[in-house]
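# Generate coordinates for the sequence data below:
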Amino acid sequence: MLQIPCPWCGPREDAEFDFGGEADIQRPADPDALDDAAWADYLFMRVNRRGVQREQWVHTAGCRRWFVVERDTVTNEILQASTMGRRP
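So this is what the prediction gives:
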């Protein structure tokens, strides 16, 4: 069982959360200028790092807020959690 530290509710079991993918994905500056291939790249292509990665999570069974978790994808160790828009 993975313990995820919600910034508002404290540590909870991972069953209370939903994964939202890689954090810090930048929206295209001019979305109308993108072709289908560029949109597909923006929507679906992710780095999927081996090691420390910043991820979005939502506390669906608690406060229902989104936040960012820094997690090692090899060991599954959570290094820290922070509110959206804040870099550690």
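
# Spell out, range by range, the helices that occur in this structure.
With DSSP state H as the criterion, the chain has helices at 36-44.

# what about it, any weak spots by pLDDT?
86-88 (pLDDT under 70).

# ok, the spatially most central residue of it to residue 74 distance?
Centrality entry for the chain: nearest residue to the mean C-alpha point is residue 56, 1.8 Å, by Cα atoms, centre = their mean. For residue 56, the distance to residue 74 equals 20 Å [Cβ to Cβ, to the nearest Å]. Bear in mind the C-beta positions are built from the backbone N, C-alpha and C, glycine included.

# Roughly how far does the residue of the chain most remote from its centre sit from residue 61?
The outermost residue of the chain, judged against the average C-alpha position, is residue 33 (26.8 Å), by Cα atoms, centre = their mean. Distance, residue 33 to residue 61, by Cβ to Cβ: 40 Å.

# same thing with residue 54?
22 Å.

# same question, residue 68
Counting by Cβ to Cβ, the gap from residue 68 to residue 61 is 19 Å.

# Those two: which is more packed in?
A direct count of neighbours by other Cβ atoms under 10 Å for residue 68 and residue 61 places residue 68 higher, at 22 against 13.

# Run through the residues that contact the residue lying closest to the more buried one once chain neighbours are set aside.
Distance criterion Cβ to Cβ, 6 or more residues apart in numbering; nearest residue to residue 68, sequence neighbours excluded, is residue 23 at 4.8 Å. Residues in contact with residue 23 (Cβ atoms under 8 Å, 6 or more residues apart in numbering) are 54-56, 68.

# repeat for residue 16
In this structure, residue 16 makes contact with 4, 59-62, judged by Cβ under 8 Å, 6+ apart.

# Recalculate using a threshold of 7 Å.
59-62 (Cβ atoms under 7 Å, 6 or more residues apart in numbering).
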